[in-house]
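Asker: structure for this input, please:
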Amino acid sequence: MENKNNVTEFVLGLTQNPQIQKIIFVVFLVVYIISVVGNVLTMFTTTASPLSGSPRYFFLAHLSLIDICYSSVNSPKLIADSLHEKKTIIFNGCMTQIFGEHFFGGAEVILLTVMAYDCYVAICKPLHYITIMNWQVCWVLMTVSWVGGFIHGIIQILFIFQLPFCGPNVIDHFMCDLNPLLKLACTDTHTLGFFVAVNSVFLYLLNSLLLMGFYVVILCTLRTHSLEGRRKVLSTCVSHVTVVILLLVPCLFKYLRSSVTLPIDKAVAVFYTLVTPMLNPLIFTLRNA
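Answerer: All right, here's what the predicted structure looks like:
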């Protein structure tokens, strides 16, 4: 196939203000270090202790692994760019970033739904929990999370990889993202932008509906529990619900608007790619002994 791309690299739209760049460097470096250290400690705690025998903590260990990978897709590049005047990324590097964002983001969304299912079984079918959530089932569900994220990332990258880029190469974002990149293509991308949004909305909306379904059933089941039992169950589930809200709400806010972009999208992207992976281990560990 003839290569229609005259663009070999993209310029990222990070601020050129030296003072702001220093602030960005310090803040994002601290956030990234806290994120990686927190998630590594969570992985170590849940795999090197008796907790490793519980499906709940098996999934939590994998969630921490995904968060480490997810935050590492963009953070190192962003931190390094804040030290340089010229902020560029090669074409293939840009495609890799987009794939990584959707691969690990998709895997995390599916895994959060799997963890909600685990809570549902533990609360609504306690006598059958060990039988239902055996290790074979846990590994199948974990594999579904990784494969689902991989398929989501591949679909997104296939949409954009064949687009011709022959003109402007400045991305109005601090990282490679689909919607800002679509605006640089030398062809009409309205239809493609719609399908890109549909792919993401399908993933996030479907998992949101499944999550709400599990928690509606859990809340209905709680009516038969004692007051102390309700308090214990809600205390167990609140950390998971908090993490779900922190990830899904920003993602749905961004992708439900199809190809329409807003200035706040940059802040939203920072939140779910950097801040959420940092908060997840804090939220889970503060709610568990």
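
Asker: can you report how many residues neighbour the spatially closest residue to Phe271 that is not a sequence neighbour?
Answerer: Closest residue to Phe271 apart from its sequence neighbours, by C-beta to C-beta, 6 or more residues apart in numbering: Pro250 at 5.4 Å. The way it works is simple: take the backbone N, C-alpha and C, and place the C-beta from them, glycine included. Pro250 has 21 neighbours, counted by other C-beta atoms under 10 Å.

Asker: what's the answer for Pro126, then?
Answerer: Pro126 has 10 nearby residues by other C-beta under 10 Å.

Asker: shouldn't Ala185 be within a strand?
Answerer: No - checked against DSSP: H, G, I helix; E, B strand; the rest coil, Ala185 lies outside a strand; its state is coil.

Asker: OK, contacts around the residue lying closest to it once chain neighbours are set aside?
Answerer: Excluding the flanking residues, the one nearest Ala185 by C-beta to C-beta, 6+ apart is Leu163, at 4.3 Å. Neighbour list for Leu163: 182, 185, 187, 189, 192 [criterion: C-beta atoms under 8 Å, 6 or more residues apart in numbering].

Asker: spatially central residue for the chain, please.
Answerer: In the chain, the residue lying closest to the centroid (C-alpha atoms, centre = their mean) is Gly105, at 2.9 Å.

Asker: contacting residues around that one?
Answerer: 70, 149, 152, 251, 272-273.

Asker: need the residues you listed in a markdown table with distance to His173 and neighbour count, can you?
Answerer: Shown next, in a markdown table, are the contacts of Gly105 (distance: C-beta to C-beta, whole Å; neighbours: other C-beta atoms under 10 Å):
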| residue | distance to His173 | neighbour count |
| --- | --- | --- |
| Tyr70 | 17 | 27 |
| Gly149 | 22 | 24 |
| His152 | 20 | 24 |
| Cys251 | 16 | 25 |
| Tyr272 | 14 | 21 |
| Thr273 | 11 | 23 |
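
Asker: picking up where we left off before, what strand or helix carries the residue nearest to the centre of the chain?
Answerer: Assigned by DSSP states H and E, Gly105 belongs to helix 91-124.

Asker: packing partners for the following helix or strand past that helix?
Answerer: Using DSSP H and E, the next helix or strand after helix 91-124 towards the C-terminus is helix 129-132. Applying 3 or more C-beta pairs under 8 Å, 6 or more residues apart in numbering; DSSP states H and E, we find helix 129-132 packed against helix 91-124.

Asker: what residues of the helix it packs on count as buried?
Answerer: Neighbour-count burial for helix 91-124 flags 91, 94-95, 97-123 (criterion: 16 or more other C-beta atoms under 10 Å).

Asker: hmm, which two among the contacts of Leu163 are most spread apart?
Answerer: Leu182 and Thr187 (9.7 Å; C-beta to C-beta).

Asker: among the two, which residue is more densely surrounded?
Answerer: Neighbours per residue, other C-beta under 10 Å: of Leu182 and Thr187, the larger number sits with Leu182, 19 against 11.

Asker: which stretches in this protein count as helices?
Answerer: Under the criterion DSSP state H, helices of the chain are mapped to 18-47, 55-81, 91-124, 129-132, 135-161, 178-182, 190-222, 227-255, 265-270, 276-286.

Asker: of those helices, which is nearest Pro168?
Answerer: helix 178-182 (11.1 Å).

Asker: give me the residues contacting stretch 211-219.
Answerer: 112-113, 116-117, 119-120, 123-124, 233, 237, 241, 244, 248.

Asker: so who does Phe28 touch?
Answerer: 75, 78-79, 82, 274.

Asker: from Phe195, how far out is the closest residue to Val268 other than its chain neighbours?
Answerer: Nearest non-adjacent residue to Val268, counting by C-beta to C-beta, 6+ apart: Pro250, 4.8 Å away. Using C-beta to C-beta, to the nearest Å, one gets 21 Å for the distance from Pro250 to Phe195.
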